[in-house]
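> could you look at this predicted model? Sequence included:
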Amino acid sequence: MRKIATKNVALKRAYERPVSDDGVRILVDRLWPRGIKKTDAKIHRWLKETAPSTELRQWFGHDVARWEEFRRRYEKELEGHLDEIEELRALAREGRITLVFAAHDEAHNEAIVLRDFLLRIH
């Protein structure tokens with residue numbers, strides 16, 4: 001199986017303007033971002049099923065003190081969605097994908113965990 005080039009998995013806030021370099025834009029939140037029209041978002045795929053569960057999302061509450069535990073728990077959830085993960089990996093092997101998220105904190109969010117998971121598993 002071919003390794004995914006790190007440059008092929010980008011991250012972007014949903015509130016940033018889509019550009020052609022984004023490649024395949026994939027929304028990785030369970031909820032649609034507030035105030036964003038679906039036509040403006042230019043989302044090719046919405047992966048609600050691989051987003052953190054409602055319970056995990058509410059527990060985390062974007063509390064940085066819970067970040068490491070959130071990562072661990074979310075990766076455990078991702079292990080239950082390996083078909084979707086492999087589909088993402090296949091897209092990333094072909095070209096750039098952009099994982100789109102709504103969180104304000106660009107350093108502590110589910111897109112980071114998902115990107116790292118995609119790049120690490122084989």
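The structure has been received and is ready for your questions.
> going forward, measure contacts and count neighbours with C-alpha atoms only.
OK.
> helices of the protein, start to end?
Along the chain, counting by DSSP state H, helices occupy 38-41, 54-60, 67-78, 82-94, 110-120.
> and the angle for the last one with helix 67-78?
Translated: helix 110-120. Note on geometry: by axes from the mean of the first three to the mean of the last three CA atoms, to 10 degrees, helix 110-120 and helix 67-78 are set 60 degrees apart in direction.
> next one: the fourth one
With the same axes, to 10 degrees defining the directions, helix 82-94 sits at 100 degrees from helix 67-78.
> ok, and what's touching helix 82-94?
If you take CA atoms under 8 Å, 6 or more residues apart in numbering as the criterion, helix 82-94 is touched by 2-5, 8-9, 50, 78, 97, 118.
> and those residues, which are buried?
Neighbour-count burial (16 or more other CA atoms under 10 Å) applied to the contacts of helix 82-94 gives 4, 8-9, 50, 78, 97, 118.
> related to what we said a few turns ago, need the contacts of helix 82-94 in TSV with distance to residue 110, can you?
Converted to TSV, these look like this (distance: CA to CA, whole Å):
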residue	distance to residue 110
2	24
3	22
4	19
5	20
8	18
9	14
50	10
78	11
97	15
118	12
